[in-house]
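Peer 1: Just a sequence and a predicted model for now, questions to come.
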Amino acid sequence: MREDYAWNSIIREAYAASRELGVPTISMDDGRVLYSTSFLTALRFGRLKAMDAGAGTGFSTIWISRAILEAGVDGNVYAVEKIIQRFKSLKNLVVKHHLENLITPVNGDAFDHVGKVEELNLVFIDIEKEHYLQFFRLVESRIPSGGVVLAHNVRHPYGTVDAFLNEVSGRVWRTIIVPTQEGVSISIKTG
């Protein structure tokens, strides 16, 4: 694997592409939370098999893939985006920077694609807020003990965000909310 990626430049490029297309994106602070959690999860498992559900132009995906490379482990991010214009921008970014070994761009609905993935130990949810709970219920059994589900925009009661947070606040899940502007939840499966 190449270790000389110009990550800061790629991150800025993905962010600019999001802005240019009018795509709501995570903030730089949210990206750092995503990177840190991905890095630690990669070290814990010795690999990172991730899904970025609602990848947009790839801004959040880049943070996850950077964590894989810098943790020095095997891994891959399924970057799932259903809106074709966003997906094309994502795919162009991956090809331009030769990130095919880290990122698998998928044009489609995350609900349809998750069943096709053999192994996941980290999922980032940033789809339509009214579907958070339903999507979490679809992926939760696929996450092993120690695996992580992150979700964006959890400081606002859109859609099923509150119901999702209730679901990941008990039983076998331990959840914290990082108080960034939009809020990122980090839920670790403990059993």
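Peer 2: Cool, the structure landed.
Peer 1: State whether residue 26 is indeed within a strand.
Peer 2: No: counting by DSSP: H, G, I helix; E, B strand; the rest coil, residue 26 is located in no strand; its state is coil.
Peer 1: show me the contacts for it.
Peer 2: Applying CB atoms under 8 Å, 6 or more residues apart in numbering to residue 26 gives the contacts 34, 59-60, 126, 152, 182, 184. C-beta: built from backbone N, CA, C; applies to glycine.
Peer 1: contacting residues around the most far-flung residue of the chain relative to its centre?
Peer 2: Seen from the C-alpha centroid of the chain, the residue lying at the greatest distance (CA atoms, centre = their mean) is residue 171, 23.2 Å away. The contact partners of residue 171, taken as CB under 8 Å, 6+ apart, are residue 191.
Peer 1: Adjust the sequence numbering to begin at 12 for everything that follows.
Peer 2: Shifting the count to begin at 12 puts that one at residue 182.
Peer 1: Give me the phi and psi for it.
Peer 2: Backbone torsions of residue 182, given as degrees, to the nearest 10, read phi 50, psi -110.
Peer 1: Sort out for me which of the contacts of residue 37 are in strands.
Peer 2: In strands, defined here by DSSP state E, the members of these are 163, 195.
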